[in-house]
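after the sequence you'll find the predicted model.
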Amino acid sequence: MKDGFIKVAVSAPDLKVADAPYNVEKMIEKAKGLAGRGVKLLAFPELSLTGYTCNDLFLQDTLMQGAEQALFRYVQETEELPVVSVLGMPLEHRGRLYNTAVVVNRGKILGIVPKGHIPNYGEFYEARQFASGQNAAGLHEFSNGDVVEFGTRLLFKNQYMREFCFAIEICEDLWMPVPPSGYHAMAGANIIVNLSASDELTGKAAYRRELVKNQSARTLSAYLYADAGEGESTTDMVFAGHNMIVENGTILKESEPFSAALTEGGRAGDGIDLVTEIDLLRLKNERRRMTTFPVYETPEGNQEYRVLTFDIGKPEETELTRTYTRTPFVPETKTHREKRCNEILNIQAAGLAKRLRHTGCQSAVIGLSGGLDSTLALLVTARAFDRLGLDRAGITCVTMPCFGTTSRTYDNAVNLAKELGALLREIPIKEAVLQHFRDIGHDSQVQDITYENGQARERTQILMDVANQTGGLVIGTGDMSELALGWATYNGDHMSMYGVNCSVPKTLVRYLVQYYADTDSNKALRNILYDVLDTPVSPELLPPKEGEISQRTEDIVGPYELHDFFLYYMLRFGFTPGKLFRLAVYTFQEAYGEETIYKWLSTFCHRFFRQQFKRSCLPDGPKVGTVSVSPRGDLRMPSDASDALWKEELDRIRDSLV
């Protein structure tokens, strides 16, 4: 439960139709085994104690009594388990029969949720046996004298962790125009549990998957979908055990339909289990950010939800099994990556095209270094010119060699401009910078921050003046990762007239250039772009050593893959330094040690707070993803905000490493 993680499970054990003793035995086995794996919330399918396909047998007292006795046995056998379980069973309540979900915890039945929407179409004839529970509410008394809450508006909340709050809907409830889970979420449920028995038809799995994903996203919740499996009767329908665990629209775990394995000889196997961790603090942060997420107001007579507490023991650290990509800004599959890259390039180009059209400019000026960022900016500008039907000769690429320029980057800049049909101007700045050093009394042998930034500001001055000469706009090349770290010279490369890369992180810049190279038909251009991709990231402000780049950015500020990881989870989800450290160690354990990750996390936090003043006066530029550092949009942060609380937590991490 540390850092908001809760291990949850969806289980569809082998069952026999109408054999409640057999079914509960399998469910108890599952509960004990999954509790041993750290599971705190366990969901079984709809009518799991008896099987969903009993039909008119539900009207027999023998089956109903057997289901109740099976429930009592489950309650007794799982009394010592630190887990809360949700079981499905038929239940007679005040003379009517209901399809219900029963919540069990620590030897007690906490509450009963009836199915609200009863299907009576196609192959489903539940209305023949079951009543709708939409308006049912009150108390239910079992044969052993236990009295528990009964109704659709129940919230189950952990006594130690208030974010661990779930509610229940059953199968058809989800398929309604306004599912009950929407009200549950507005009432405070962060997890929705759905006990289902959805038969398998051609194409239905895809529709079901999208339905669950969309409802999870709309409710900003985790959604546990427990589907009936292959033990059900196949008289008229076939069930495939299509289970899912989804968090805010993203599938964390999913079983393929019909994936339950059989043992040798064709006997039933152990059923289907899905186990993963839900990040409840991430969901809480999403709701906090979403100002349109409504506070619950009951639509029907101001009927209030009832909150029932459960006990799964005191908070403990949950062992993580879910995966986190090392590059959260970059889609993992090639197909999605290519689609995303093309989309981003179009967003960047459309933004620039609008600015050119609005200002009446038919010229653009770019400082072309031969590095990744300026290469991407040029590719975007070329695409914008194509959209407007402008001659690419209106793009002026200015290369400004100085102390640190290598032949490799110089040649790539020259050749890149040529292949894209842009105008190239070479303006060496070495003498101008040396004259500037003399003017301000700086020793050119002292290669300090003045030595470096003097070059950056000289380059920006030239670009601005060239833009005045051509009646154009200076196109910014700096990316979001550099802005987050403040790795930009104030009023140097920090400034432009439109920053096309301002919300593109460094790890994504590489893939955008790679995509352009892979899809362009110009072989010469492809070869140049591939060499740019192979060139170390560097501002090239210090003299080269033996003709090679001597100043490598990642040696100074740290690996960009780490910084982009920190940036994404800190700004997108508000993770604390402790949680960032934990996830980074978990995700990058094969690449970096704990001390290294701590070092660069400390660097990130320090620079992020100290360099906000640079981000407070950024030029305009297009937002391309869910994270941006624009002062006009996603990051409205004081330039002098204190990082004391973040440092306190970093100190605790440091002390734990000693």
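Structure's in. What do you need? Numbering: from 1, shown residues only.

residues of stretch 197-211 that come out buried?
Of all the residues in stretch 197-211, those buried under the rule 16 or more other Cβ atoms under 10 Å are A197, S198, D199, E200, A205, R208, R209, L211. Placement of C-beta: from N, CA and C, glycine included.

chain center to it: distance?
Put simply, stretch 197-211 sits 24 Å off its chain's centre (Cα atoms, centre = their mean, to the nearest Å).

between the buried residues of stretch 197-211, which is nearest T100?
Minimum distance to T100 across the buried residues of stretch 197-211 is 13.2 Å, recorded for A197 (Cβ to Cβ).

surely the closest one and S233 touch.
No: with contact defined as Cβ atoms under 8 Å, A197 does not count as touching S233 (10.9 Å).

common neighbours of the two, please.
T53 (Cβ atoms under 8 Å, 6 or more residues apart in numbering).

sheet-wise, list the partners of the host helix or strand of L252 with their directions.
Using DSSP states H and E, L252 sits in strand 250-254. Using DSSP bridges, the strands paired with strand 250-254 are strand 244-247 (antiparallel).

chain center to the partner strand: distance?
Worked out by Cα atoms, centre = their mean, strand 244-247 lies 13 Å from the chain centre.

can I get it in PDB, CA atoms only?
Taking C-alpha atoms only, strand 244-247 is exported to PDB below (Å, rounded to 0.1, in the frame of the first residue of the first chain):
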ATOM      1  CA  MET A 244      -9.500  -7.400 -17.500                       C
ATOM      2  CA  ILE A 245      -7.900  -5.100 -15.100                       C
ATOM      3  CA  VAL A 246      -7.900  -1.500 -16.400                       C
ATOM      4  CA  GLU A 247      -6.500   1.700 -14.900                       C
END
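
so which residues of the stretch 1-150 of the chain form helices?
With DSSP state H, counting those that start in this stretch as the criterion, the stretch 1-150 of the chain has helices at 20-36, 61-77.

any idea which of those is most buried?
helix 20-36 (a mean of 20; mean count of other Cβ atoms under 10 Å).

A helix includes T626, no?
No: counting by DSSP: H, G, I helix; E, B strand; the rest coil, T626 is not part of a helix but coil.

i'd like the first residue to be 197 from this point on
That works, and once the first residue is 197, the last one we named lands at T822.

and the residue nearest to it when sequence neighbours are not counted, how far is that from H438?
Counting by Cβ to Cβ, 6 or more residues apart in numbering, T822 lies nearest to R768, which is 5.9 Å off, once chain neighbours are set aside. Applying Cβ to Cβ, to the nearest Å, the value for R768 to H438 is 30 Å.

so for those two, which sits in the more crowded spot?
H438 (26 against 18; other Cβ atoms under 10 Å).

surely the more buried one is in contact with E396?
Yes: under the criterion of Cβ under 8 Å, H438 makes contact with E396 at 7.3 Å.

need the overlap of contacts for those two.
P453.

now the lengthiest helix in the chain: average pLDDT?
Secondary structure of the chain read by DSSP state H shows that its longest helix is helix 530-555. On average, the pLDDT along helix 530-555 is 96.

buried ones in that helix?
533-534, 536-537, 540-541, 543-545, 547-549, 551-552.

make CSV from those residues and add distance to E276 to it.
What follows is the buried residues of helix 530-555, written out as CSV (distance: Cβ to Cβ, whole Å):
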residue, distance to E276
R533, 48
E534, 52
R536, 49
C537, 53
I540, 53
L541, 58
I543, 56
Q544, 58
A545, 62
G547, 60
L548, 64
A549, 66
R551, 66
L552, 70
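
how about E512: what's its closest non-neighbour residue?
Going by Cβ to Cβ, 6+ apart, E512 has M197 as its nearest residue, at 6.1 Å.

so the one you found touches D475, yeah?
No: counting by Cβ under 8 Å, M197 does not reach D475; the two are 11.1 Å apart.

okay, the two: which has more neighbours?
Higher neighbour count among M197 and D475: D475, with 26 against 20, using other Cβ under 10 Å.

so who does the spatially closest residue to the more buried one that is not a sequence neighbour touch?
Nearest residue to D475, sequence neighbours excluded (Cβ to Cβ, 6+ apart): G200, at 5.4 Å. Neighbour list for G200: E359, D475, L476, L477, R478, K480, K775 [criterion: Cβ under 8 Å, 6+ apart].

torsion angles phi and psi at the closest residue in space to K843 that isn't next to it in sequence?
Among residues not flanking K843 along the chain, C801 sits closest, at 7.2 Å (Cβ to Cβ, 6+ apart). Recorded main-chain torsions at C801 are phi -60, psi -40, according to degrees, to the nearest 10.

residues contacting C801?
Here C801 is in contact with F762, P773, D839, W842, K843, L846 (criterion: Cβ under 8 Å, 6+ apart).

what about these, which are in helices?
Filtering the contacts of C801 for helices - DSSP H - leaves F762, P773, W842, K843, L846.

so how far is I645 from the last one?
It stands for L846. Taking Cβ to Cβ, one finds L846 at 25 Å from I645.

more neighbours: which of those two?
With neighbours defined as other Cβ under 10 Å, L846 and I645 compare such that L846 has more, 21 against 10.

separation between that one and E791?
13 Å.

so what's S392 closest to, chain neighbours aside?
Of all residues beyond its chain neighbours, the one nearest S392 is C367 (4.1 Å), with distances taken as Cβ to Cβ, 6+ apart.

tell me the pLDDT of the one you found.
On pLDDT, C367 comes in at 95.

on that earlier part again, may I ask which helix or strand encompasses the residue nearest to T822?
Counting by DSSP H and E, R768 is part of helix 756-769.

how distant is that helix from the center of its chain?
11 Å.

other SSEs contacting that helix?
helix 476-485, helix 676-681, helix 702-715, helix 749-753, helix 773-783, helix 790-806 (3 or more Cβ pairs under 8 Å, 6 or more residues apart in numbering; DSSP states H and E).
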